[in-house]
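Engineer: just a sequence and a predicted model for now, questions to come.
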Amino acid sequence: MTESPQAEAPPWEVLSSRTALRDRWIDVTADAVRDSRGNVLDPFYTLSYPDWVHVVAITAADELVLVRQYRHGAQAATLELPAGAIDKADGDPVTAAARELREETGYTAPAYRHLDSLSPNPATHRNRAHTVLALGATLTHPTAHEAGEDITVELWPLPRVLEGLGRGVILHAMHVASLLLALKAAGRIDFRLKDAS
């Protein structure tokens, strides 16, 4: 049996499409679609954002570089990975990751490694979230926060972060996924399945 990350399914037929909302951050499309069983769904909304990067930056002292900032959707200040949209000027996720890390935290790293590109929500989102690993991160620059960014930088020892994941220390589900993927890629954790007992 061959493994495929996405099972093949008949595509939905797009009967019509219109823009419901568009601004600098989001493009909401309202489609009328016919699914594989002949059902018409109208409207079916999809959201298009710029692609995002999540930066898993680890210092030589084995600390994770995190940011705490107010998130209006959650109406709380949340602890997160440095992250942001890939600008047209960036060109690729690694360049965007280096820029976002430097702007949000003042940290840079000698090398950046692009690990994966995941969908935030394949049911409705058309963009990708890219995970980038930055080892040996050091504080080299002042921060450069944009309007609406009220960011505090925090350094957390890796064991403390992992212990807190099950208690919601990082609320953002995509950031948890990126962190676990990056720690596996760095050889710090493994995902071997244990026997059920």
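Structural biologist: Arrived safely, thanks for sending.

Engineer: list the contacts of the nearest residue to residue 108 once chain neighbours are set aside.
Structural biologist: The shortest distance from residue 108 to any non-neighbouring residue, by CB to CB, 6 or more residues apart in numbering, is to residue 140 (4.7 Å). Backbone N, C-alpha and C define where each C-beta goes, glycine included. Contacts for residue 140 (CB atoms under 8 Å, 6 or more residues apart in numbering) come out as 102, 106-108.

Engineer: can you put those in TSV and add distance to residue 161, pLDDT and secondary structure?
Structural biologist: Converted to TSV, those look like this (distance: CB to CB, whole Å; pLDDT from 0 to 100; DSSP: H, G, I helix; E, B strand; the rest coil):
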residue	distance to residue 161	pLDDT	secondary structure
102	21	97	helix
106	20	97	coil
107	16	98	strand
108	21	98	strand
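
Engineer: out of these, the closest to residue 192 would be?
Structural biologist: residue 107 (31.4 Å; CB to CB).

Engineer: that closest one - how many residues pack around it?
Structural biologist: Using other CB atoms under 10 Å, residue 107 has 22 neighbouring residues.

Engineer: re earlier: so which of the contacts of residue 140 is the most crowded?
Structural biologist: Busiest of the contacts of residue 140 [other CB under 10 Å] is residue 107, holding 22 neighbours.

Engineer: for residue 121, helix, strand, or coil?
Structural biologist: Assigned state for residue 121: coil (three-state reduction, DSSP: H, G, I helix; E, B strand; the rest coil).

Engineer: in whichever helix or strand residue 178 is part of, what's buried?
Structural biologist: Taking DSSP states H and E as the definition, residue 178 sits inside helix 173-185. Neighbour-count burial for helix 173-185 flags 174-183 (criterion: 16 or more other CB atoms under 10 Å).

Engineer: just checking, what packs against it?
Structural biologist: Applying 3 or more CB pairs under 8 Å, 6 or more residues apart in numbering; DSSP states H and E, we find helix 173-185 packed against strand 52-59, strand 111-118, strand 129-139, helix 158-164.

Engineer: deepest-packed of those, please.
Structural biologist: For those, the largest average neighbour count (mean count of other CB atoms under 10 Å) is found in strand 52-59, namely a mean of 26.

Engineer: return the distance of that strand from the chain's centre.
Structural biologist: 9 Å (CA atoms, centre = their mean, to the nearest Å).
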